[in-house]
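>>> Got a predicted model here, sequence first, then my questions.
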Amino acid sequence: MKMLWNNFKVAFAMYSKIPMPAADWDKESMKYAMCFFPWIGLVIGLLEFVCWKALEFLSAGELFQAAVMVLIPVVITGGIHLDGFLDTMDALSSWREKERRLEILKDPHAGAFAIIMGGFWFVACLGAAGEISARVLPAFCCLFWISRCFSALSVLWFPNANPKGTAAAFGKQAQRRTVTAVMIIYLAAACLFLILLDPVFVTAAVVEALVWMYYRRMSEKYFGGITGDLAGWFVSVGEAAGMIWLALCGLGMEKFL
């Protein structure tokens, strides 16, 4: 139990801003840390649900409600995934050779394309969150769990461009088969939950899976594998794509059902 508790603390300390007791950052404490990565998505999803219901009760405006929904994941994670998204967009927009792209990922300065694409991401997510209805809300909250399951699988199995990076460290120390089995169970549970809500909602998981497959192809082609920043790119893009898709599903339901 002590080992699992340490793995839990490592996952939350690394990928969230939720206060955690001091953790032992050793090999034993990283074996199953990725098993708890989706739990951060669970916390985000629960907060999204509670805040949406509270704001609805208070008759908050749709724009304010949507803004809160978009900002909750950024606050809980400290923007770690969004930071990776911005760095990746800077590197991709440079159209330089692979080695130079990897250098840009490490550059602490934000380029023009990072700022542009950051604004694009916020506007797209804000628009999608503004269309989330009570019927779609549970599926929307589930997105944060699903994206982290896929992200954990990529850390475990995708080629890595930076053997000394954070993603590589978690991937190397993890008990791959055990963590992979746990992620598959997590994803199956999420899909079952979505089907029980409405079979059409499971397509949101399919959308995230398609982004995940593109993520592997893109990371290998342009960077030689994944890095921690690219993993952040996937979480950000996967969740945004899922939000937009669910918003469209909700609009379709209102119009045709």
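Received it, and whenever you're ready, just let me know what you need.

>>> So Thr203: helix, strand or coil?
helix (DSSP: H, G, I helix; E, B strand; the rest coil).

>>> Tell me which residues touch it, please.
Neighbour list for Thr203: 245, 249 [criterion: C-beta atoms under 8 Å, 6 or more residues apart in numbering]. Where you see a C-beta, it was placed from the backbone N, CA and C, and this is true even at glycine.

>>> From Gly252, how far off is it?
11 Å (C-beta to C-beta, to the nearest Å).

>>> where does the stretch 101-250 of the chain have low pLDDT?
164-174 (pLDDT under 70).

>>> What are the boundaries of the helices in it?
112-129, 137-157, 166-173, 176-197, 203-223, 228-256 (DSSP state H, counting those that start in this stretch).

>>> Comparing those, which comes out most buried?
Compared across these, helix 137-157 shows the largest average neighbour count, a mean of 24 (mean count of other C-beta atoms under 10 Å).

>>> Restricting to C-alpha, output stretch 194-214 in PDB.
Output of stretch 194-214 as PDB, limited to C-alpha atoms (Å, rounded to 0.1, in the frame of the first residue of the first chain):
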ATOM      1  CA  LEU A 194     -20.500   6.800 -22.500                       C
ATOM      2  CA  ILE A 195     -22.700   4.100 -24.200                       C
ATOM      3  CA  LEU A 196     -24.900   4.000 -21.100                       C
ATOM      4  CA  LEU A 197     -25.400   7.700 -21.400                       C
ATOM      5  CA  ASP A 198     -26.100   7.600 -25.100                       C
ATOM      6  CA  PRO A 199     -24.400   5.400 -27.700                       C
ATOM      7  CA  VAL A 200     -23.600   8.400 -29.800                       C
ATOM      8  CA  PHE A 201     -21.300   9.800 -27.100                       C
ATOM      9  CA  VAL A 202     -18.800   6.900 -27.500                       C
ATOM     10  CA  THR A 203     -17.800   8.600 -30.700                       C
ATOM     11  CA  ALA A 204     -16.000  11.200 -28.600                       C
ATOM     12  CA  ALA A 205     -13.600   8.400 -27.500                       C
ATOM     13  CA  VAL A 206     -13.200   7.500 -31.200                       C
ATOM     14  CA  VAL A 207     -12.300  11.100 -31.900                       C
ATOM     15  CA  GLU A 208      -9.600  11.100 -29.200                       C
ATOM     16  CA  ALA A 209      -8.300   7.700 -30.500                       C
ATOM     17  CA  LEU A 210      -8.000   9.300 -34.000                       C
ATOM     18  CA  VAL A 211      -6.000  12.200 -32.600                       C
ATOM     19  CA  TRP A 212      -3.900   9.700 -30.700                       C
ATOM     20  CA  MET A 213      -3.000   7.800 -33.900                       C
ATOM     21  CA  TYR A 214      -2.200  11.100 -35.700                       C
END
